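Asker: got a predicted model here, sequence first, then my questions.
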Amino acid sequence: MRRSLYTLVIASTFAIVTSAVIGILFSAGDITKFGVIGDLAYSGPSLAYAVIAGISGFAAAFALTKPNLSAMLPGVAISVSLVPPLAIVGVALAGLNWTVAVNAFLLYLVNVVGIVLCAMFVFVMLKLAAKQEMVTNAVEEDEEEVAAEKSETD
């Protein structure tokens, strides 16, 4: 879990910094006049965005449990909910629009929680907890591989 959280923080930071740099380089003036950004500036996250995140979580979790489905589906489903708010945060920070940045970051947090909760629901419904020993062994093997790769680079 620690590695997943670390990856989430690093990827989120990268997305915010990248969009902030792009926002600085290609400033569009008042960003609140653009669709979703304007919505976030004046009203904050809405239930519709949370529903989209939940659907993304369901789709991603279901795709992860079914090997015959495309391996790209979970990434696409999750990126639809997480990348746009992070991009808005970066652009808003570049324009020093704190209200939009905070509201977009709140939307991002709502989306992360929605994806995790919906994915947990799918995993429980598919009784994946019964296969915990198999998962634990796979995680341990993966951690050993990561440790071996890390020791090779040092």
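Answerer: Received it, and whenever you're ready, just let me know what you need.
Asker: tell me the helix or strand right after the helix or strand bottoming out on mean pLDDT in the chain.
Answerer: The weakest-scoring helix or strand in the chain, judged by mean pLDDT, DSSP states H and E, is helix 35-42 (a mean of 60). Next in sequence after helix 35-42, counting helices and strands by DSSP states H and E, comes helix 47-65.
Asker: which of the residues in that next one are buried?
Answerer: Under the neighbour-count criterion of 16 or more other CB atoms under 10 Å, helix 47-65 has 49-50, 52-64 buried. For glycine as for every other residue, the C-beta is placed from the backbone atoms N, C-alpha and C.
Asker: repeat for stretch 67-78
Answerer: Using 16+ other CB under 10 Å as the test for burial, stretch 67-78 gives Pro74, Ala77, Ile78.
Asker: same check on stretch 97-116?
Answerer: Buried residues in stretch 97-116, counted by 16+ other CB under 10 Å: 97, 100-101, 103-105, 107-108, 110-112, 114-115.
Asker: Ser19 sits in which helix or strand?
Answerer: Going by DSSP H and E, Ser19 is in helix 2-25.
Asker: again with Leu107
Answerer: For Leu107, the element it lies in under DSSP H and E is helix 98-125.
Asker: for that helix, name the packing helices and strands.
Answerer: Applying 3 or more CB pairs under 8 Å, 6 or more residues apart in numbering; DSSP states H and E, we find helix 98-125 packed against helix 35-42, helix 47-65, helix 73-94.
Asker: by mean pLDDT, show me the worst of these.
Answerer: Lowest mean pLDDT of these: helix 35-42, a mean of 60.
Asker: can you put the helices and strands packed on helix 98-125 in TSV and add distance to Leu25?
Answerer: Listed next are those as TSV, based on distance: least, CB to CB, whole Å:
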stretch	distance to Leu25
helix 35-42	18
helix 47-65	27
helix 73-94	9
